[in-house]
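Asker: Okay, structure incoming, though there's no sequence with it:
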């Protein structure tokens, strides 16, 4: 009973998580909003990589927004926030998709786990937990009578972008939810410091990543190498880089002048590799990686870049129109 009561508070509280628009217009309003509990787990890195399902259960929440004037079974985009928690960027993208006639499902991976942000202490949450959250969220949408299960895409930002990227691995999908066949994966400024076993064996769904070339939070270089390997393996994967753009370049409430986020932990200097049995090691030292590893660095820039944000919005809208077979 106590857990059910807590879950209800979590769900009802989610609707207050977004900043209110100062002067809302009618097109900003969802025709209908539904709030859902999502049963998930928190796992160690080793548990996730080996398929060990004996993790700690948690109930997180998702906000499903329906577009105005839509009928029939709709396409949907799942949105995953970054390590700082949900912010204006996530709501902006939810409304962008709604205006296109697409449902949006914004999931909150933190509140149900008693977290608000993890950027200052990354050890409190495995970076793989959001991938499981995405797989569990797919089930919620796929079972909804108004959602087309064949047209569900996954989009994420930073930590959520890493989930949107690596949830495409067939190995992870087969271990955790073979049903979760996303129509597309859209990561923004994902972190790519780890070389996983069989990491070019991804689903047939197209992958489109967008990244700032000046990003010193999750640098683009390791992602560039990964996408080159995927493309060499014949995968439909494309990375778009924007010169002069920093981390979180699409957040409309971000500072236009890049500023340092003091104390945030980054793995930008780490070269990591998965060894057999689900171990992540530091390639340089040969030792198991932890969030106290000497390769970790702090402080990184974030900032809004209008040109990169506009270009990404245009590219993403064109991409989902094609994937979902929408009329222009």
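Answerer: Cool, the structure landed. This structure is a prediction, so every number in the text was calculated from the model and none was measured. Numbering: from 1, shown residues only.

Asker: any idea how far residue 215 is from residue 285?
Answerer: Noted for residue 285: a distance of 25 Å to residue 215, by Cβ to Cβ, to the nearest Å. From N, CA and C alone the C-beta is placed, and that goes for glycine too.

Asker: So if I had to pick from those two, which one is more boxed in?
Answerer: residue 215 (26 against 12; other Cβ atoms under 10 Å).

Asker: isn't there a helix covering that one?
Answerer: No: if the criterion is DSSP: H, G, I helix; E, B strand; the rest coil, then residue 215 is coil and not within a helix.

Asker: Please name the residues that touch it.
Answerer: Neighbour list for residue 215: 189, 245-247, 301 [criterion: Cβ atoms under 8 Å, 6 or more residues apart in numbering].

Asker: Please indicate which of these are buried?
Answerer: Neighbour-count burial (16 or more other Cβ atoms under 10 Å) applied to the contacts of residue 215 gives 189, 245-247, 301.

Asker: can you tell me which of those residues are in strands?
Answerer: Among those, the ones falling in strands (DSSP state E) are residue 301.

Asker: List just the nearest of the buried ones among the contacts of residue 215 to residue 268.
Answerer: Closest approach to residue 268 among the buried ones among the contacts of residue 215 (Cβ to Cβ): residue 247, at 10.2 Å.

Asker: Leaving out the residues flanking it, which one is nearest to residue 72?
Answerer: For residue 72, ignoring the flanking residues on the chain, the nearest one in space by Cβ to Cβ, 6 or more residues apart in numbering is residue 146 at 7.9 Å.

Asker: repeat for residue 88
Answerer: That would be residue 253: by Cβ to Cβ, 6+ apart, it lies 4.3 Å from residue 88.

Asker: what pLDDT does the one you found get?
Answerer: Note on residue 253: pLDDT of 95.

Asker: Let me know the secondary structure of it.
Answerer: Three-state call for residue 253 (three-state DSSP): coil.

Asker: Can you tell me the number of residues neighbouring it?
Answerer: Neighbours of residue 253 (other Cβ under 10 Å): 11.

Asker: cool, and residue 71?
Answerer: Neighbour number of residue 71 under other Cβ under 10 Å is 7.

Asker: same question, the one 4 residues further on
Answerer: By other Cβ under 10 Å, the residues close to residue 75 number 24.

Asker: swap in residue 118?
Answerer: Neighbours of residue 118 using other Cβ under 10 Å come to 21.

Asker: Report pLDDT for it.
Answerer: 96.

Asker: So which of the contacts of residue 215 is the closest to residue 229?
Answerer: Checking those against residue 229 by Cβ to Cβ gives residue 189 as the nearest, at 19.1 Å.

Asker: show me what contacts that closest one?
Answerer: Counting by Cβ under 8 Å, 6+ apart, residue 189 touches 157-158, 161, 210-212, 215, 217-218, 220, 247-249.

Asker: average pLDDT across the helix ranked longest in the chain?
Answerer: With secondary structure taken from DSSP state H, the chain has its longest helix at helix 306-324. Average pLDDT, helix 306-324: 98.

Asker: tell me which strands and helices that helix is in contact with?
Answerer: Judged by 3 or more Cβ pairs under 8 Å, 6 or more residues apart in numbering; DSSP states H and E, helix 306-324 is in contact with strand 74-80, helix 88-99, strand 147-157, strand 184-188, strand 207-212, strand 237-242.

Asker: what about the nearest residue to residue 39 once chain neighbours are set aside, which helix or strand?
Answerer: Nearest in space to residue 39, with sequence neighbours left out and distances taken as Cβ to Cβ, 6+ apart, is residue 59 at 5.9 Å. Residue 59 belongs to strand 56-66 when assigned by DSSP states H and E.

Asker: how far is that strand from where the chain is centred?
Answerer: Centroid displacement of strand 56-66 relative to its chain, using Cα atoms, centre = their mean, to the nearest Å, is 14 Å.

Asker: Can you tell me the strand partners of that strand and which way each runs?
Answerer: Sheet pairing of strand 56-66 (DSSP bridges) gives strand 32-42 (antiparallel), strand 103-108 (antiparallel).

Asker: Give the buried residues for it.
Answerer: Using 16+ other Cβ under 10 Å as the burial criterion, the residues of strand 56-66 that qualify are 58-66.

Asker: cool, stretch 42-57 as well?
Answerer: Neighbour-count burial for stretch 42-57 [16+ other Cβ under 10 Å]: 42-45, 47-49, 55.

Asker: cool, and stretch 267-287?
Answerer: Per 16+ other Cβ under 10 Å, stretch 267-287 contains these buried residues: 267-268, 270-274, 278, 280-282.

Asker: Can you tell me, leaving aside adjacent residues, what's nearest to residue 166?
Answerer: In this structure, residue 166 finds its nearest non-sequential neighbour in residue 131, 6.1 Å apart by Cβ to Cβ, 6+ apart.

Asker: What about the one you found, how many residues nearby?
Answerer: Residue 131 has 29 nearby residues by other Cβ under 10 Å.

Asker: Cool, thanks, talk later.
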